[in-house]
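Visitor: can you look at this prediction? I've put the sequence above it.
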Amino acid sequence: MCELFTSRLAPRSCFRPGDSSQYQFDTMVRRYRGGGGLLTGNEVAQLVGRHADQSTSRVAHWIVDRSVVSLSWRAQIWLPLFQFDSCDMSLRPGTECVVRELAPVFDDWDLAVWFTNPNGWLDDAMPLDVLAFDLAAVLDAARADRFVAKG
């Protein structure tokens, strides 16, 4: 099992959808639990549908545009709930900015892992945890990691 990245280098995740075990997905489920957990794309669309029309196409648009963190596991798309406002299921603008910083250089799994790994730019805190109180620091960390990953 590979170790998760904890340095100031861009993550090259050992978590790959086709790699191996349920362990990788279970790790993501555990790590996102504190931020609201993970739901399938269909479940998110149902929640969005309580507040907006065309919820399935809206969620699909977010996924295709890489405006949200999403990952594929066993023929389903999964989305962490931390990136949605719990009142109306709209996208949290700050989170979307961070995702857009990293999306050009990280694949979906690396992006999902980035939010749940200790980050050296954030004093080894997880971006997911810092996001709630210091968006600017998380955005700076994302920019730094994008720069490092891009080379």
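Guide: Received the coordinates, thanks.
Visitor: going forward, measure contacts between C-alpha atoms and count neighbours the same way
Guide: OK.
Visitor: and the most far-flung residue of the chain relative to its centre, helix, strand or coil?
Guide: Farthest-out residue of the chain from its mean C-alpha position, per CA atoms, centre = their mean: residue 53, at 24.4 Å. With DSSP: H, G, I helix; E, B strand; the rest coil as the basis, residue 53 sits in coil.
Visitor: who touches it in this structure?
Guide: For residue 53, the contact set (CA atoms under 8 Å, 6 or more residues apart in numbering) is empty.
Visitor: from residue 89, how far off is it?
Guide: Distance, residue 53 to residue 89, by CA to CA, to the nearest Å: 12 Å.
Visitor: returning to what we had before: and the residue farthest from the centre of the chain, what pLDDT?
Guide: On the pLDDT scale, residue 53 is placed at 91.
Visitor: give me the sheet partners of the longest strand along the chain and which way each runs.
Guide: When the chain is parsed with DSSP state E, its longest strand is strand 76-80. Strand 76-80 pairs in its sheet with strand 38-40 (antiparallel), strand 71-73 (antiparallel), by DSSP bridges.
Visitor: average pLDDT across the last one?
Guide: Per-residue pLDDT values across strand 71-73 average out to 93.
Visitor: quick one: distance of that strand to the chain centre.
Guide: 11 Å (CA atoms, centre = their mean, to the nearest Å).
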